[in-house]
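Asker: can you look at this prediction? I've put the sequence above it.
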Amino acid sequence: MNETISPEPGSPFQPKTSGLAIWSLVLGILSLTCFSILSAIPGVICGHKALSRISRANGSLSGKGMAIAGLVTGYIGIAWAIFFIPLMMAIAIPNFVKARQTAQMNSCINNLRMIDAAKNQWSLENDKKGGDTPTENDLLPYFRDHQMPHCVAGGVYIIGAVTNPPTCSIPGHKLPE
């Protein structure tokens, strides 16, 4: 028969608190505060091991409450991470994609402004009329490093006549009117 040893009042015997129970509780609380599944899983494992050792110790180990609290907080931390991380990804990824597209569009619009300014400078310096259309080679001296800007989103620029604004092949990438 398994007898539980319980200390008598005034006796010097005090059961030792299970270290695994303490770790279970600490890791469980950490998993809730940091939303970390990396501390929740070890917290649950420590909690189960602590409960097992406490039940086999016949009263020489205590900490059952801490082990149970560690299990509860660890399982809540796992459930929270399984729910919270995908939710945050579902919110963040579309916003990152939209921010990237906006940045690419703004970069393209700035390039179109540079092309338009180069066309105007070319027409003034070469006494050209509004219907004249420069080539890329005509505009190269007006750009830094003598290189034609390119659309970072992969669009193709159409220079057009001096009086017409340059365009990009990607919809939405255009100079404001």
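Answerer: Cool, got the structure.

Asker: how much space between the residue nearest to Ile82 when sequence neighbours are not counted and Ile158?
Answerer: Spatial nearest neighbour of Ile82, excluding adjacent residues (CB to CB, 6 or more residues apart in numbering): Ile37 at 7.5 Å. (Glycine included, C-beta is placed from N, CA and C.) Ile37 sits 52 Å away from Ile158, going by CB to CB, to the nearest Å.

Asker: and the two? Which one has more around it.
Answerer: The neighbour count for Ile37 versus Ile158, taken as other CB atoms under 10 Å, is higher for Ile37 (18 against 13).

Asker: return the distance of Ile76 relative to Ala50.
Answerer: From Ile76 across to Ala50, the span is 17 Å (CB to CB).

Asker: compare those two (neighbour count), which wins?
Answerer: Comparing Ile76 with Ala50 by other CB under 10 Å, the one with more neighbours is Ala50, at 27 against 14.

Asker: quick one: residues contacting the more buried one.
Answerer: By CB atoms under 8 Å, 6 or more residues apart in numbering, Ala50 lies in contact with Ser18, Leu20, Ala21, Trp23, Ser24, Gly63, Met66, Ala67, Gly70.

Asker: which helix or which strand is home to the second one?
Answerer: Leu20 belongs to helix 19-34 when elements are defined using DSSP states H and E.
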